[in-house]
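Participant: Fold the following, please.
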Amino acid sequence: MRQSTGSVWLVGLVVTFMLIFISFLSLTLSYNKVFKIKNEVLSFIEEREGLKEGDNGTIKLINNYLQYNNYTAMHHCNVNDYGSKNLSSNSLELVKDKKEKYYYCVSKISTKTKNLPNRSKYDVKFFYKFDLPILGDILTFEVFGETIDINYPVDKLNYQIK
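Facilitator: Modelled structure (predicted):
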């Protein structure tokens, strides 16, 4: 009888470590995917010098890229940031309610100098989920990114005060 009790304990221990390993692997894969997406979006903004709206704009390009990569994570943005609730849209909306969920968040920060009064940079926030196969979505984490300074941005977004 002692051996059967010991083997049940060992099976429970093995299952526990397998769950820990699977959850760590799931978290790492989600983070790597979102980190790659964030870097690519920052490149889009820097190459096109801002977040231009319209059919050929940067926002449409970003949303198409997110759809192509099956990006589905949504979370809350800060008030007065800009966010996207709909990936088939070609514009961003101003966040007025902190309870609304968005696919990603963008804020425009002024970095003006004496010689360059229209200089700015963009902070971008993406989300990833801690998703286990049986338990589902447990937590949502954020990934932040920042562009280099852009001298004359082509968009009409308002500056965020920090």
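
Participant: What does the one residue sitting closest to the centre of the chain show for phi and psi?
Facilitator: Among the residues of the chain, the one closest to the centroid is residue 126, at 0.9 Å (C-alpha atoms, centre = their mean). When read as degrees, to the nearest 10, the backbone of residue 126 gives phi -120, psi 170.

Participant: Can you tell me how far the closest residue to residue 122 other than its chain neighbours is from residue 109?
Facilitator: Spatial nearest neighbour of residue 122, excluding adjacent residues (C-beta to C-beta, 6 or more residues apart in numbering): residue 147 at 4.6 Å. Heads up, the C-betas are built off the backbone N, CA and C, glycines and all. Counting by C-beta to C-beta, to the nearest Å, the separation of residue 147 from residue 109 is 9 Å.

Participant: More neighbours: these two, which one.
Facilitator: Neighbours were counted for residue 147 and for residue 109 using other C-beta atoms under 10 Å; residue 147 has more, 22 against 16.

Participant: for the more buried one, what are its contacts?
Facilitator: The contact partners of residue 147, by C-beta atoms under 8 Å, 6 or more residues apart in numbering, come to 42, 45, 46, 121, 122, 124.

Participant: what does residue 33 give?
Facilitator: Residue 33 neighbours (C-beta under 8 Å, 6+ apart): 69, 128.

Participant: Same check on residue 55?
Facilitator: Residues near residue 55 by C-beta under 8 Å, 6+ apart: residue 90.

Participant: returning to that earlier point: just list whatever residues bridge to the residue nearest to the centre of the chain.
Facilitator: Residue 126 forms beta bridges with residue 104, residue 143, as assigned by DSSP bridges.

Participant: what does the one 4 residues further on give?
Facilitator: Applying DSSP bridges to residue 130 gives these bridge partners: residue 139.

Participant: That one is in contact with residue 141, isn't it?
Facilitator: Yes - counting by C-beta atoms under 8 Å, residue 141 is a contact partner of residue 130 at 6.9 Å.
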